[in-house]
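K.L.:
After the sequence you'll find the predicted model.
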Amino acid sequence: MSPKRNYSKLTLPCDASYVRIADTYVKAVAEAMALPSDAIEAVAAAVREAADNVLRYAYPIEGIHSFDITCESISEGLLVVVKDYGIPFDPHSADVGGGFSRMRELVDLVTIHNLGPHGKEIHLVKFTQAAEPEAADATKDSPPAAPRSKPPEEFTIRLFQPADALEVSRSIYKTYGFSYPNEHMYFPQRLIKLNETGRVLSVVAVTPSGDVAGHCAAFGFQDHGRTAELGQAAVKPEYRGAGCLRQMSVFLIDECVKRGMTGLYVRAVTAHPYSQNVAGKLGFVCCGIVLAFASTATVFLEIRERLSQRESFVAQFRYIQAPEPVEIFAPERHAPFIARIYEKLGCRAILKTTIEPRFAGHSILKITMAAFMPEGFAKIDVIQCAEDVAEKVQSAVKGLLCRGIRVVSLSLNMKDPLTYYVVPQLEEQGFFFSCVTPGTPERQTLTLQYLHHILMDYDAIATASPWSQEVLDYVRSMDRNQE
């Protein structure tokens with residue numbers, strides 16, 4: 001990459017009184033490049049429009065915010081970039097106008113770049129000589145909907161449509177800022193593609209005026225599409241307290257029943273009990289605790305300023321078809337408690353043991369991390385269990401720790417008799433009980449977890465029911481880091 005030429009950067013608070021500083025800065029750079037006086041005034045006016053757009057629309061939630069202005073000499077003239085880390089918008093949306101029309105009148109090229117969790121940029125180019133750009137991005141600004149004084153009494157709940165994507169991204173931003181672990185939620189076009197390909201099944205709540213109030217989805221389909229996770233939920237602050245999340249969840253569950261699915265699970269945050277309560281009222285029952293899943297950078301805007309430790313989740317499950325009794329090879333140490341979890345879920349677990357393990361072949365592991373998981377978290381799925389599984393898991397964990405992973409989730413199939421024998425070996429390596437996730441007649445998942453130099457403050461984990469607290473206490477009793 002070639003170095004930038006005559007590049008400078010100015011960071012300003014989101015305060016109207018600082019716009020004149022931006023104006024002075026851009027004019028000084030343009031004068032140093034010997035731009036004509038009319039061009040200098042035009043580019044400065046365009047920057048004022050861009051700055052005004054940031055001040056008006058970028059940060060709907062109060063707080064201390066800033067934006068950047070960079071100037072760079074390019075071969076064609078002057079490039080000015082105005083960047084903020086505020087609410088997402090779709091540069092391909094037809095719902096755009098306002099200040100961007102004025103900017104295009106003032107400079108030769110205006111483009112808008114949505115960078116997901118890295119914010120967004122407005123690029124302004126003023127050519128030093130008369131020249132026509134090859135193509136201009138026909139985008140317009142789309143200010144967020146004005147807050148309502150009170151939530152509407154009813155919503156229309158329906159399946160996601162491509163036109164909803166922008167407001168879904170905004171719902172996520174208004175709930176989490178740019179700290180939500182699944183980056184695709186910030187990219188409207190990705191949301192559209194994921195729904196088109198069937199990897200995500202989204203529903204939205206729409207107000208009588210047509211505003212998208214919230215989003216919820218089924219994703220992570222397993223067992224040939226028969227089970228999935230329910231989540232990616234967000235409700236804009238102005239519509240909270242009106243039952244929006246519950247209505248979306250009920251609609252989505254009904255849709256999953258129509259599609260012949262057997263069960264759904266959720267991961268509810270423990271920074272507050274609201275999500276757990278909603279899931280409990282919908283019939284979801286605690287089946288475990290996923291410790292330290294999300295990083296401390298996760299933010300719940302207007303709920304909590306910053307997490308004191310990595311955010312843990314309550315795993316909850318619900319059968320949406322009446323379950324048959326299941327035979328499982330639960331490890332002896334945990335068998336009684338696992339049987340209780342199944343009982344709470346309305347399913348009878350038949351605990352099995354084998355006299356002698358029959359190991360054959362080699363273990364196969366699937367490791368998931370990076371863009372598909374929160375920062376510092378990785379997941380290992382034991383696809384095929386054999387005598388070398390403990391050795392292979394230990395090697396995989398060492399490799400993950402070298403890559404900065406601090407939390408490892410390990411999933412095994414309790415339909416496999418070998419799970420009964422290998423869990424004690426894995427616990428010797430530092431893994432301990434996390435949760436049980438029922439699935440299909442072919443797979444019933446036991447998840448263990450590994451924390452690398454993380455001492456959890458279990459008293460800071462909020463649970464919403466006596467049973468959830470009992471499960472948390474059980475997990476705590478298995479955590480060797482507490483000794």
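P.N.:
Happy to help now that I have it.
K.L.:
residues touching Ser8, list them.
P.N.:
Ser8 is in contact with 29, 70-72, counting by CB atoms under 8 Å, 6 or more residues apart in numbering. The C-beta positions use only the backbone N, C-alpha and C, and glycine is treated the same way.
K.L.:
In helices only, show me those residues.
P.N.:
If you go by DSSP state H, the contacts of Ser8 have Val29 in helices.
K.L.:
Lowest pLDDT pick from the contacts of Ser8?
P.N.:
By pLDDT, Glu72 ranks lowest within those, coming in at 89.
K.L.:
May I have the beta-bridge partners of that one?
P.N.:
Glu72 forms beta bridges with Leu79, as assigned by DSSP bridges.
K.L.:
My read is that it contacts Tyr7, right?
P.N.:
Yes - using CB atoms under 8 Å, Glu72 is in contact with Tyr7, at 4.7 Å.
K.L.:
So which of these two has more stuff around it?
P.N.:
Taking other CB atoms under 10 Å, Glu72 and Tyr7 do not tie; Glu72 has more neighbours (15 against 11).
K.L.:
mind listing the strands for the stretch 101-250 of the chain?
P.N.:
For the stretch 101-250 of the chain, the strands defined by DSSP state E, counting those that start in this stretch cover 109-114, 120-127, 156-159, 200-206, 212-222, 227-235.
K.L.:
again, but for the stretch 251-400 of the chain
P.N.:
In the stretch 251-400 of the chain, the segments counted as strands under DSSP E, counting those that start in this stretch are 263-269, 285-294, 311-319, 326-328, 349-351, 364-368, 377-384.
K.L.:
counting contacts, what elements does the third one pack onto?
P.N.:
Right, the one you point to is strand 311-319. Packed against strand 311-319 by the contact rule (3 or more CB pairs under 8 Å, 6 or more residues apart in numbering; DSSP states H and E) you find strand 263-269, helix 274-281, strand 285-294, strand 432-440, helix 466-478.
K.L.:
Distance-wise, check the residue nearest to Tyr474 when sequence neighbours are not counted relative to Thr437.
P.N.:
Computed as CB to CB, 6 or more residues apart in numbering, the closest residue to Tyr474 that is not its neighbour in sequence is Phe337, at 5.9 Å. Computed with CB to CB, to the nearest Å, the distance linking Phe337 and Thr437 is 15 Å.
K.L.:
These two: which has the busier surroundings?
P.N.:
Thr437 (22 against 15).
K.L.:
OK, contacts around that one?
P.N.:
By CB under 8 Å, 6+ apart, the residues touching Thr437 are 227, 265, 287-288, 315, 317, 411, 444-445, 447.
K.L.:
Considering the strands of the stretch 101-250 of the chain, which stretch scores lowest in mean pLDDT?
P.N.:
strand 109-114 - the lowest mean pLDDT of those, at a mean of 80.
K.L.:
just checking, what packs against that one?
P.N.:
Packing contacts for strand 109-114, counted by 3+ CB pairs under 8 Å, 6+ apart, involve helix 99-106, strand 120-127.
K.L.:
and if we set it to 6 Å?
P.N.:
For strand 109-114, the packing partners by 3 or more CB pairs under 6 Å, 6 or more residues apart in numbering; DSSP states H and E come out as strand 120-127.
K.L.:
Quickly run through the sheet partners of the strand it packs on, with directions.
P.N.:
Assessed with DSSP bridges, strand 120-127 is paired to strand 77-84 (antiparallel), strand 109-114 (antiparallel).
K.L.:
TSV please, covering the ones you listed and showing distance to Arg333.
P.N.:
Formatted as TSV, these follow (distance: least, CB to CB, whole Å):
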stretch	distance to Arg333
strand 77-84	52
strand 109-114	50
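K.L.:
from those strands, which stretch is densest packed?
P.N.:
Ranked by mean neighbour count under mean count of other CB atoms under 10 Å, the strands paired with strand 120-127 are led by strand 77-84, which reaches a mean of 22.
K.L.:
Would you mind checking the average pLDDT for it?
P.N.:
In this model, strand 77-84 carries a mean pLDDT of 91.
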